[in-house]
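Chemist: Can you look at this prediction? I've put the sequence above it.
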Amino acid sequence: MMGTQELHDRRTTASSSEPERLERGAEHSGSLTAFARGRRRELAVAAVAAIVIALLPLGIHDVYLQNVLVLTLMYAALSQSWNILGGYCGQISLGHAIYFGIGAYTSTLLYTHAGLTPWFGMLMGGTLAALVALGLGYPFFRLRGHYFTIATIVVAETGLLLVLNWDFAGGAEGIQIPYGPDSWAHLQFARDKLPYIYFALGLAVLAWLVTFAIEDSKWGYWWRAVKDNAEAAESLGVVVFRSKMAAAALSAFFTAIAGSFYAAFVSYIDPDSVMGFQLSLLIALPAVLGGIGTLWGPALGALVLIPLTELTRSYFGGSGSGVDLIIYGVLIMVIALARPEGLMSLFGRRRKSRRGP
Amino acid sequence: MTLQGLAQILASGLLMGLIYALIAAGLSLIFGLMDVVNFAHGEFLMLAMYATFGIVVATALDPVLAAPLVVGAMFVLGAFVYFAVIRHAMRAKANIGMVQVFATFGLGITIRGLAQHVFTPDYRSIQTSFLAGRTLDLGGVFLPLPQLFGGLLSCLSFVALYFIIRRTDFGRALEATREDAGAVALVGIDKNRVFALGWGLGAALVGIAGSVMAIFYYIHPDVGTPFALIAYVTVALGGFGSIFGALAAGLLVGIVEAISATILSPSMKAVGIYLIYLVVVFMRPRGLFGNL
């Protein structure tokens, strides 16, 4: 029991340290200004990067290089979405291909069977994927570590097998989107890749902006708390389960949108290419190589990884000699071993100075 | 369905399950020892199959006799992989889990590329074994001899594994290192040596499975992937790190696969495995025998 006298003493000590606290507060707000300045700088860098990328295709007329650019931007967006759940919230999913597949199949089926524009299909696919993520999260967010990761793989593989045996959706043969005239309404551009580049760029920018907004929001702090120590976060009032669910839904939504875009871009989908295990790994890989749980990691990782794999594949892959796989595999191994924090750690000093409170 | 048909399904499932258990045991051993999921495990299996194929082609030995050579080579490979890759991955100061996943994943892709480079992507098979194509007729239940041989070898391996873990100094060092890798250094156990031996043993186990499967399965660079997937599920089903959980889960997976191939369709046989996994893990989040 605490005596009244003691309580009074405490109150006086508290009030006596008031000036000190004010001083600390000033210091605190100083670092807050630095934090805000840092955030504005991130935005400026992103704006410059987006403008540079938007100008790039004006100088690139080679269709192959344009394809590489589209894929790089798409994987940047995908990995940024994966990063929300895997990087910020720390729930490592190696089954994101199922959301990509849901996006690709929903928009494609709605387009080929009901004639609905892919824009609508995209939203439907994203919503459906978010709902599936919530439905799956309900039982699986109890699982920890490797058990969770294996469960995500298993769910994606189950989805793959079901679609492979689903005749209405073309089974193993997949679906060919019939060619029409070039149009934004149908997201079809047979001759000119430029619109696809801008769409993919828009998607990457959107995913980046969402991550940027999250970083300094309640959810962003909650997710990082869940990642670092779920029990401690729970004891401080973070609703762990709901945090994970929100991260999963958001992550799945954007992954599916990228899936719908991919279907329109290649105008042919089959289960293995839009739902396979390799795709799940490819979605996670740029974030891991670039810097997991960082704002720029996924984009940087995609920028390094996708052109490198595409170029080695086109130079060495055709012969089936396996050299492309060797280069790809060694590259992943070397980056993982040499830069455990990802390529972002190359910019370590500058980022540390802008660290927030 | 006749009783005989049911017995046939159970028997084939059990034999395949013993092989799954063998593949999973190697994965589980390594995981239990050092918390690393080896994402190159399927490629280890594929390498063992190619090694068997290579020895058979080069020396005209029966694949059954080539098995000890393959297992020895896989042991060396496992220890080498530990020293060349895993040891460095363990030293990462950040994201240690992801570093291990992607270091082993990159290793797997590299091995697949090397296999494609050396052996070409063509499908190969070994037809020269004296076991090939023969079956044992047990009152109307037919058991193919290669699978039967694999099942026997798997049983023997698990007995040997039991003795290694429970009765030898290496086994005790293994258990002790698993409990507390820092503390074992204090009693003079070289952590690196135990880890390397653990990787060797894990690769040797999958080597046994590979040398048997080479007799009755097609060999190609991607052959390991589906089996690795089944092995991850088996290990998680049994409980990560529990070797005998892997045995029980392997048998369960084999039987469930055989049943769902009959009830659903052969192309959907993995769905049964996945559903069992999801149901089990929903009720027991750490698998059947997991205590981590």
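Modeler: Good, I have the coordinates.

Chemist: any chance you could map the helices in the stretch 101-250 of chain B?
Modeler: B:145-167, B:169-179, B:181-186, B:191-216, B:224-238, B:243-263 (DSSP state H, counting those that start in this stretch).

Chemist: And those helices, which one averages the lowest pLDDT?
Modeler: When the helices of the stretch 101-250 of chain B are ranked by mean pLDDT, helix B:181-186 comes last with a mean of 78.

Chemist: which residues are in contact with that one?
Modeler: B:34, B:173, B:176-177, B:191, B:194 (CB atoms under 8 Å, 6 or more residues apart in numbering or on different chains). (Glycine included, C-beta is placed from N, CA and C.)

Chemist: In a markdown table: those residues, plus distance to residue A:252.
Modeler: Shown next, in a markdown table, are those (distance: CB to CB, whole Å):
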| residue | distance to residue A:252 |
| --- | --- |
| B:34 | 33 |
| B:173 | 45 |
| B:176 | 43 |
| B:177 | 40 |
| B:191 | 41 |
| B:194 | 42 |
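
Chemist: Buried residues of the one helix or strand residue A:205 maps to, list them for me.
Modeler: In the assignment (DSSP states H and E), residue A:205 maps to helix A:194-215. Residues of helix A:194-215 classed as buried by neighbour count (16 or more other CB atoms under 10 Å in any protein chain shown): A:196-197, A:199-201, A:203-205, A:207-208, A:210-212, A:214-215.

Chemist: Could you do stretch B:248-266 as well?
Modeler: Buried, per 16+ other CB under 10 Å, within stretch B:248-266: B:248-262.

Chemist: Of these, just say which sits nearest to chain A.
Modeler: residue B:260 (10.7 Å; CB to the nearest CB).

Chemist: Verify the contact between that closest one and residue B:267 for me.
Modeler: No. With contacts counted by CB atoms under 8 Å, residue B:260 stays clear of residue B:267, the gap being 10.6 Å.

Chemist: For the stretch 101-250 of chain B, list the residues in contact with chain A, please.
Modeler: Within the stretch 101-250 of chain B, the positions near chain A by CB under 8 Å from any CB of the partner chain are B:101-103, B:105-117, B:120-121, B:221, B:225, B:229, B:232-233, B:236, B:240.

Chemist: List only buried entries from the residues you listed.
Modeler: B:101-103, B:105-117, B:221, B:225, B:229, B:232-233, B:236, B:240.

Chemist: Show me the residues of the stretch 101-250 of chain B next to chain A that map onto strands.
Modeler: Secondary structure defined by DSSP state E assigns none of these to strands.

Chemist: quick revisit: which residues touch the helix holding residue A:205?
Modeler: Under CB under 8 Å, 6+ apart, the answer for helix A:194-215 is A:39, A:42-43, A:46, A:50, A:53-54, A:57, A:66, A:69-70, A:73-74, A:76-77, A:80-81, A:83-84, A:88, A:184, A:187, A:189, A:220, A:223, A:250, A:254, A:257-258, A:261, A:265, A:295, A:299.

Chemist: Filter these down to the ones in helices?
Modeler: A:39, A:42-43, A:46, A:50, A:53-54, A:57, A:66, A:69-70, A:73-74, A:76-77, A:80-81, A:83, A:220, A:223, A:250, A:254, A:257-258, A:261, A:265, A:299 (DSSP state H).

Chemist: shaky segments in chain A?
Modeler: A:1-30, A:317-319, A:348-357 (pLDDT under 70).

Chemist: rerun at 80
Modeler: A:1-32, A:61, A:179-183, A:185-192, A:228, A:234-239, A:315-321, A:340-341, A:345-357 (pLDDT under 80).

Chemist: where along it do the strands fall?
Modeler: A:175-176, A:268-269.

Chemist: other SSEs contacting the last one?
Modeler: Judged by 3 or more CB pairs under 8 Å, 6 or more residues apart in numbering or on different chains; DSSP states H and E, the packing partners of strand A:268-269 are helix A:97-114, strand A:175-176.

Chemist: Distance to residue B:183 and mean neighbour count for the ones you listed - can I get that in a markdown table?
Modeler: A markdown table is the format used below for those (distance: least, CB to CB, whole Å; neighbours: other CB atoms under 10 Å in any protein chain shown):
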| stretch | distance to residue B:183 | mean neighbour count |
| --- | --- | --- |
| helix A:97-114 | 42 | 25 |
| strand A:175-176 | 58 | 16 |
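
Chemist: So for chain B, which of those sits nearest?
Modeler: helix A:97-114 (12.2 Å).

Chemist: what residues are up against residue B:69?
Modeler: Residue B:69 touches B:51, B:55, counting by CB under 8 Å, 6+ apart.

Chemist: Pull up the gap between it and residue B:115, please.
Modeler: According to CB to CB, to the nearest Å, residue B:69 stands 18 Å off from residue B:115.

Chemist: same deal with residue B:18?
Modeler: Residue B:18 is 26 Å from residue B:115, by CB to CB.

Chemist: what's the answer for residue A:192, then?
Modeler: 41 Å.

Chemist: now residue B:15
Modeler: From residue B:15 across to residue B:115, the span is 27 Å (CB to CB).

Chemist: dump the residue contacts of the closest residue to residue B:212 other than its chain neighbours.
Modeler: Nearest residue to residue B:212, sequence neighbours excluded (CB to CB, 6 or more residues apart in numbering or on different chains): residue B:150, at 3.8 Å. Going by CB under 8 Å, 6+ apart, residue B:150 touches B:15, B:18-19, B:22, B:209, B:212-213, B:215.

Chemist: Give the buried residues for the longest helix seen in chain B.
Modeler: Counting by DSSP H, the longest helix found in chain B is helix B:3-34. By neighbour count with 16+ other CB under 10 Å, helix B:3-34 contains the buried residues B:8-34.

Chemist: do stretch A:181-193 as well
Modeler: A:186-189, A:193.

Chemist: roughly how far out does that stretch sit from the chain middle?
Modeler: Stretch A:181-193 sits 26 Å away from the centroid of its parent chain (CA atoms, centre = their mean, to the nearest Å).

Chemist: Quick one: end-to-end length of it, please.
Modeler: End-to-end distance of stretch A:181-193 (CA to CA, to the nearest Å): 14 Å.

Chemist: Stretch A:137-151 close to chain B?
Modeler: Yes. Using CB under 8 Å from any CB, stretch A:137-151 reaches chain B at A:139, A:142-147, A:150-151.

Chemist: Go ahead and name everything in contact with that stretch.
Modeler: A:91-95, A:152, A:155, A:241, A:244-245, A:248-249, B:31, B:37, B:97, B:232-233, B:236, B:240, B:277-278, B:281-282, B:285-287, B:290.
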